[in-house]
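Undergrad: model the following, please.
(one chain, ligands or ions: 1)
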Amino acid sequence: MPEINPHILRYDSLPSTNDEVARQAALGADEGLCVIAAEQTAGRGRLQRAWLSPKNAGLYLSILLRPALDQQSWPLITFVAALAVNDALLQCCNLKTDIKWPNDLLSNDRKLCGILAETIETSTGRAVIVGIGINVRKNSFPVELELVATSVETETGRAVAPDELLESLLGAFSKHYQTLQQASGNESIVRAVSARSSYASNKRIRVNVDGNLVGTTRGLESDGSLRVETDDGEVKTIRAGDVTVVRAT
Ligand code: BT5
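TA: Reported below is the predicted structural model:
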């Protein structure tokens with residue numbers, strides 16, 4: 001299985017590292033291109049939501065992949081990134097994080113990392129851009145994020161050196177990406193995520209599909225979809241959405 005051979009480009013400031021990778025991918029850049037910016041002025045989440053990316057406060061990077069994978073496995077690339085961040089934070093910061101379906105890492109129920117995987121067509125084939133934002137330094141979050149966001153420094157009392165975190169992250173990403181390419185790779189990745197996610201099973205949640213569905217999570221499908229059992233016993237398979245915890249009253 002081919003390993004990721006990272007080609008790292010660093011920038012002081014970019015609108016969005018995902019957009020810069022898309023630009024270079026359109027020009028024919030190879031798998032493994034990794035763009036890092038000290039700040040983003042227009043960092044993005046899903047559905048064009050903003051990702052706050054103040055200067056030197058976090059690790060903001062995007063990796064270009066040109067996967068030779070079945071289409072069914074492509075959604076699992078977000079999980080590969082989540083596992084890599086989870087490994088790197090454990091290795092470099094001794095910080096255990098919870099993978100929140102489908103694209104967040106939490107510490108103490110607050111968001112420490114978000115992942116944005118986007119598929120694009122290029123003249124040399126379809127490609128995936130995996131954007132990862134990790135809050136490293138304590139940061140004065142705007143009031144709407146104060147209660148929902150956190151950073152490595154807040155959680156551990158120490159801001160890890162971004163390069164140390166990056167090296168560990170790229171190594172782990174390469175390892176999990178290789179796993180995904182093996183026979184039964186989907187199952188291995190899904191199993192690993194399930195083991196590191198309190199959201200995969202037996203969690204009371206609300207998800208913003210079908211008019212805000214409420215139910216209990218019942219595991220992950222091999223394509224990464226989330227099974228949710230509603231109160232009338234029906235099990236729905238959710239491919240994408242925003243999940244919030246429903247707390248017992
Ligand atoms: C995400 O979207 O969580 C994906 C974030 C991906 C960011 C990376 S940084 C490098 C690369 N370049 C980019 O332009 N993007 C990627 P989503 O699940 O839609 O969550 C977005 C929501 O997270 C926002 O609406 C806010 O509520 C919240 N948020 C914004 N900035 C945050 C931050 N720094 N820390 C925690 N939460 C944040």
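Undergrad: let's verify the residue lying closest to residue 240 once chain neighbours are set aside: helix, strand, or coil?
TA: In space, and not counting its chain neighbours, residue 240 is closest to residue 102: 6.8 Å by Cβ to Cβ, 6 or more residues apart in numbering. The C-beta positions use only the backbone N, C-alpha and C, and glycine is treated the same way. Three-state call for residue 102 (DSSP: H, G, I helix; E, B strand; the rest coil): coil.
Undergrad: is the closest residue to residue 18 other than its chain neighbours bridged to anything, and to what?
TA: What sits nearest to residue 18 in space, not counting adjacent residues and going by Cβ to Cβ, 6+ apart, is residue 131, at 4.2 Å. When assigned by DSSP bridges, residue 131 has beta-bridge partners residue 62, residue 116.
Undergrad: okay, now residue 131: neighbour count?
TA: As a burial measure, residue 131 scores 26 neighbours (other Cβ atoms under 10 Å).
Undergrad: ok, it to the ligand distance?
TA: 3 Å (Cβ to the nearest ligand atom, to the nearest Å).
Undergrad: residue 180 is in contact with residue 80, correct?
TA: Yes. Here residue 80 reaches residue 180: they are 5.6 Å apart, a contact under Cβ atoms under 8 Å.
Undergrad: which one's more surrounded, these two?
TA: The residue with more neighbours, out of residue 80 and residue 180, is residue 80; 28 against 20, by other Cβ under 10 Å.
Undergrad: for the nearest residue to residue 230 once chain neighbours are set aside, helix, strand, or coil?
TA: Closest residue in space to residue 230, ignoring its immediate chain neighbours: residue 215 at 4.3 Å, by Cβ to Cβ, 6+ apart. At residue 215 the chain is in strand, as set by three-state DSSP.
Undergrad: tell me the spacing between residue 159 and the ligand.
TA: Residue 159 is 14 Å from the ligand, where distance means Cβ to the nearest ligand atom.
Undergrad: grab the nearest non-local neighbour of that residue.
TA: Nearest to residue 159 is residue 153, by Cβ to Cβ, 6+ apart, at 4.1 Å.
Undergrad: surely that neighbour is within a helix?
TA: Yes. The assignment for residue 153 is a helix, going by three-state DSSP.
Undergrad: burial of it, as a residue count?
TA: As a burial measure, residue 153 scores 17 neighbours (other Cβ under 10 Å).
Undergrad: residue 130 now?
TA: 23.
Undergrad: ok, now residue 210?
TA: 11.
Undergrad: return the residues of the chain in contact with the ligand.
TA: Contact residues, the chain versus the ligand (Cβ under 6 Å from any ligand atom): 16-18, 40, 43-47, 49-52, 60-62, 103-104, 111, 114-116, 131-133, 135, 145, 149.
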